[in-house]
Every structure is written in C-alpha cells, then in structure tokens.
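**Student:** Dropping a prediction and its sequence here:
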Amino acid sequence: NYSAQSKSLVLENVKKILKTQKKLPTTYYGKKALIIGGSRGLGLLTTQILLNSGMNITATYFNNLDYLYLLKKKNITKLKIKKLNILKDKFFDKFLKEYSNYDYIFNFSSCRIKKTHNKIDKIYLDKLLSYYLTPLKVIRKNFKVFKKPIKIFNPSTIYLNDKNSLFKEYNISKKQSENFCKKSNILSKINFFSYRLNVFDTDQHYAIYDKKIKNNFKVYLSILKNFLKWKK
C-alpha cells in the first residue's frame, strides 16, 4: 500500500486592468454618462477617458470594485459608483427611473466569452442575450423617463466580421443587439449606436483569443469622439 500527500499552488486569476490618462480633444464638463459595467475591461477604460475629459460619470459594478474605488478617490465629485445586477430587469427598470438625467449610456455589461461547440448552446445564448440585448430593451421601454435626448453606446467586436467564427452564440447575441438598435432609432429621445471594436486585452477575451493583443487606444478615442459629437 502507498500513501501520498500533494501540495499544490493555485494561482489567482490576474485581473487585466486597462489604465489610461488619455482624454478626448473636446472637454465635456457638465455632461453626464451612465456606464453599465464600468468596473473592468472597456467599461473601465471608457470611465477613465470620460473622467479625464471632464464628464460626470455614474459607473455600475456587480463584483469588481477595487479600481473604481481608487478612481473615486481622485474624482470625488465627478464619479458615482452604484452596484447593479443587470440580470434583474425590475431592479434595472427602477434604477433608470431614479437616475434618468443622462446625456449618454454605455452598455458594457458582459460575461466571459467562450468558444462555441458544434451545436448552438441555447442556455449560453440566452445568458449572452440577457447581457447584450435585454438592457437595451429596458432602456427603450423607459425612454419617456429621460429628461433630455439621450445616446446609447452599444459595443461589439470584430469577431462578428469573421464568417468562420468559433463564437456562434456571441455573434448571434451581438447581431440581435445591433438589429434592435437599428429598429429602435425611430424613437425621438433615444439614439442607439453600435460599434464593432478591435479586440482589447481584457478579462473577457484573454482566455480565448490566441493572438497577442495590442490595445489600440487611438482608434478607440476616435470612435468615442465621433459618438459623443454626433447630432441629428
């Protein structure tokens, strides 16, 4: 008979924090933005850029608060932090009614993106839709509560340009959100914008994207500038 003892070291997952001091060429003092999922990834990057540009931000989080808390120390009056479970429609509905005085809303709510298998995973697809499409539906449903015309930023990625993509559920959910934005722009107070962004080195992507990712801040700043300056 043999007996054995094993001691293993489990390394903690390293959070990929995108930090920047970059700002937009135009200042946005007095403008207000709600950033859903503003605690990590592109949501956090956007929070930093808009704060650097003078905007007042409400950034939501669910699990990750650390870096937002550090940003709050440097932006005491310009940054509000709110916990939000985007998967609970009624709570999000109430949240929008309470915080309705925005110029812009950014929907960066997301979960870990994984590669698809041969068949569509219906459960996983429904989960993705709850992050990417449902929040947009709640915003449109509440369009009457907004006190001024509002613009919605709906990001996706260049994964959608790949016809042989291994991310079928992701592609379906994002294309549905893009189509929803196009159909929703008939409402006078809300304008939805969809952008297919370059891949950034974030928590959501690093485990499934084989190539080394080079974050292109210059292109992203240009996209933000065009979105913020657009007028009917």
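**Tutor:** Thanks, I have the structure now. Owing to the predicted nature of the structure, the values given are computational and were not obtained by experimental measurement.

**Student:** who does the helix ranked longest in the chain touch, helix- and strand-wise?
**Tutor:** In the chain, taking DSSP state H as the definition, the longest helix is helix 168-184. The contact analysis (3 or more Cβ pairs under 8 Å, 6 or more residues apart in numbering; DSSP states H and E) places helix 168-184 against helix 122-132, helix 134-141, strand 150-157, strand 190-197. (C-beta placed from N, C-alpha, C; glycine too.)

**Student:** To residue 229, which of the ones you listed lies closest?
**Tutor:** strand 150-157 (10.3 Å; Cβ to Cβ).

**Student:** Can you name every helix or strand that the closest one contacts?
**Tutor:** Short answer (3+ Cβ pairs under 8 Å, 6+ apart): strand 150-157 packs on strand 104-107, helix 134-141, helix 168-184, strand 190-197, helix 217-229.

**Student:** which residues touch residue 157?
**Tutor:** By Cβ atoms under 8 Å, 6 or more residues apart in numbering, the contact set of residue 157 is 174, 196, 197, 198, 199.

**Student:** who wins for neighbours among those?
**Tutor:** Within the contacts of residue 157, most neighbours by other Cβ atoms under 10 Å means residue 174, with 23 neighbours.

**Student:** That one and residue 51, how far apart?
**Tutor:** Taking Cβ to Cβ, to the nearest Å as the measure, residue 174 falls 27 Å from residue 51.

**Student:** what does residue 38 give?
**Tutor:** In terms of Cβ to Cβ, residue 38 sits 10 Å off from residue 51.

**Student:** Residues in contact with both of those two, list them for me.
**Tutor:** With Cβ under 8 Å, 6+ apart as the test, residue 38 and residue 51 both reach residue 57.

**Student:** These two: which is more packed in?
**Tutor:** Neighbour count, other Cβ under 10 Å: between residue 38 and residue 51, residue 38 has more, with 32 against 22.

**Student:** got the phi/psi numbers for that one?
**Tutor:** With angles defined as degrees, to the nearest 10, residue 38 sits at phi -90, psi 10.

**Student:** pLDDT score assigned to it?
**Tutor:** Predicted confidence (pLDDT) at residue 38: the value is 92.
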